[in-house]
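Asks: Sequence plus the predicted model coming up.
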Amino acid sequence: MAVITVLGAGVMGTALTYPIADNGNDVRLVGTHLDDDIIQSCKDQRIHPRLKRRIHDDVKPFFYHEIADAMPETEIIVLGVNSRGVHWAAEALAPYLRPGHIVMMVTKGMESENDELKILPDVLRDHLPVGIRDQIDYAAIGGPSIAGELAARNHTSVVFVSRNPNILPGLQKLFATSYYHVWSSTDLIGVEVCVALKNPIALAVGLAAGLLERQTKEKGPDVANAHMYNYAAALFAQGLAETAYIVNLMGGRPETVFSLPGAGDLYVTTQGGRNSRMGRLLGMGLPYSDAVEEMYGETIEGVDATVAIMPAIQHMIDSGKISADALPLLHTLHRILTRNAPVDFDFDTFFASLSMFNPPVTRT
């Protein structure tokens, strides 16, 4: 048994409390400053209002201002804030971190920092005090895991990843159950790039549904009820190819892309959710500036990730580290999201090179 504190009472952070509480661990759920209504419901009714399910009887909920009461004896901290909250989380956790702590990232995304792409565990580390950052271990979770299904105790398969292989068996033992299946990996770069890029790619795949609705509205239903699965599948496949390109570029293992953290997580993310809904609105013809108003107050991780990574990608193109035509899907999506550009992919630029794993181009 371990004392495990989850910071962030959103659906995914809370869903993880089910397997770890089922295993008899001492579980504390700490809301952020944005989660007061959720924590109040969990305290008063034991109901998580977004999961629409009772929290585990052994989970102890805490408001953020009660974090000092939740942290004593904590051994593992699960970070369940959104990607915008990683810098804040580093500041919030810093007073309570001790040597030997393990921080597990549920948060997904990447950032451009000093013209380089950085995965969020490294962003978190770099924003912790120098005296503690190298005395704790960092891990992350990747793979297809819809929060509502995990909370329902439906079979869920994920990968736990850390640069320190010694902590992974213990984490597997604490988290894995008969329904929560855990594999392990040391490819932190590969897993984190995959789970970050799944959101922009899922948004792009979601465009197909909106395009079909728009076409049906303008021209009427197709005589044979044709869909746009071919369109969506090409975006899905090109997205995986571009993910593999970036994984390889950053020193990760490309095979990770074609396992649970890559293809598996991308598949489940395309099946619904905020990214798909944003894609649908854009596909219907709404410029991003209008579509975002339709989803006011919702964090669209696919948008955040696209905007966050493109400065570093553009710098690598400008400096000759990568080819200007290596990432056509991400470039087009970036124009759609930042310039209100129309949805218009040049499919003939997809899969232009089967040698995407060759060394980066060198400009002469």
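Replies: Arrived safely.

Asks: State the next helix or strand along the chain beyond the helix or strand encompassing Q40.
Replies: Per DSSP states H and E: Q40 is located in helix 36-44. Downstream of helix 36-44, the next assigned helix or strand under DSSP H and E is strand 47-48.

Asks: hmm, back to that, the helix holding Q40 - contacts with which helices or strands?
Replies: strand 47-48, strand 59-62 (3 or more C-beta pairs under 8 Å, 6 or more residues apart in numbering; DSSP states H and E). Where you see a C-beta, it was placed from the backbone N, CA and C, and this is true even at glycine.

Asks: centroid residue for the chain?
Replies: Compute the mean C-alpha point of the chain, and by C-alpha atoms, centre = their mean the closest residue is K108, 3.0 Å away.

Asks: Is it in contact with G302, as I believe?
Replies: No - shown here, K108 and G302 do not form a contact pair, counting by C-beta atoms under 8 Å, at 10.3 Å.

Asks: shared neighbours, these two?
Replies: N199 (C-beta atoms under 8 Å, 6 or more residues apart in numbering).

Asks: And what about the residue of the chain positioned farthest from its centre, helix, strand or coil?
Replies: The outermost residue of the chain, judged against the average C-alpha position, is V223 (39.0 Å), by C-alpha atoms, centre = their mean. When classified by DSSP: H, G, I helix; E, B strand; the rest coil, V223 comes out as coil.

Asks: again, but for L207
Replies: Under three-state DSSP, L207 comes out as helix.

Asks: Disregarding flanking residues, what is the spatial nearest neighbour of it?
Replies: If the residues on either side of it in the chain are set aside, L207 comes closest to G283, at 3.9 Å by C-beta to C-beta, 6 or more residues apart in numbering.

Asks: How about the contacts made by the one you found?
Replies: Applying C-beta under 8 Å, 6+ apart, the residues near G283 are G206, L207, A208, A209, G210, L211, L212, E213, R214, V343.

Asks: Try it again at 6 Å.
Replies: L207, G210, L211, V343 (C-beta atoms under 6 Å, 6 or more residues apart in numbering).

Asks: any idea which of those residues has the most stuff around it?
Replies: L207 (25 neighbours; other C-beta atoms under 10 Å).

Asks: for L29, helix, strand, or coil?
Replies: strand.

Asks: Tally up the residues packed near it, please.
Replies: Neighbours of L29 using other C-beta under 10 Å come to 29.

Asks: what's the closest of the helices and strands packed on helix 36-44 to T32?
Replies: strand 59-62 (11.0 Å; C-beta to C-beta).

Asks: wait, I322 sits on M316?
Replies: Yes - under the criterion of C-beta atoms under 6 Å, I322 is in contact with M316, at a separation of 4.8 Å.

Asks: now for the helices and strands packed on helix 36-44, which one comes closest to F236?
Replies: strand 47-48 (31.3 Å).

Asks: Check the offset of the helix holding Q40 from the chain's centre.
Replies: Per C-alpha atoms, centre = their mean, to the nearest Å, the displacement of helix 36-44 from the mean C-alpha position of its chain is 25 Å.

Asks: thinking again about what came up before, what distance do you get for the residue nearest to the centre of the chain to Q45?
Replies: 29 Å (C-beta to C-beta, to the nearest Å).

Asks: before we move on, what about G264?
Replies: In terms of C-beta to C-beta, G264 sits 34 Å off from Q45.

Asks: Settle it for me: which of these two has more neighbours?
Replies: Between G264 and Q45, counting by other C-beta under 10 Å, G264 is the more crowded of the two (20 against 11).

Asks: Verify the stated contact: the more buried one with P144.
Replies: Yes - with contact defined as C-beta under 6 Å, G264 reaches P144; the gap is 4.4 Å.

Asks: need the strands for the stretch 151-300 of the chain, in chain order.
Replies: 156-162, 180-185 (DSSP state E, counting those that start in this stretch).

Asks: Going by neighbour count, which residues in the shortest one are buried?
Replies: When you say that, I think you mean strand 180-185. Y180, H181, V182, W183, S185 (16 or more other C-beta atoms under 10 Å).

Asks: rewinding a little: distance of the residue nearest to the centre of the chain from F236?
Replies: On the measure of C-beta to C-beta, K108 and F236 end up 18 Å apart.

Asks: ditto for M110
Replies: Noted for M110: a distance of 20 Å to F236, by C-beta to C-beta.

Asks: So if I had to pick from those two, which one is more boxed in?
Replies: For M110 versus F236, the count of surrounding residues by other C-beta under 10 Å is larger for M110: 24 against 21.

Asks: Need the nearest residue in space to that one, chain neighbours excluded.
Replies: A196 (4.4 Å).

Asks: contacting residues around the one you found?
Replies: With C-beta under 6 Å, 6+ apart, A196 has these contacts: K108, G109, M110, A305.

Asks: Can you read off the pLDDT for it?
Replies: Looking at A196, its pLDDT is 95.

Asks: What are the buried residues along stretch 280-300?
Replies: Quick answer for stretch 280-300 (16+ other C-beta under 10 Å): R280, L281, L282, G283, M284, G285, L286, Y288, A291, V292, I300.
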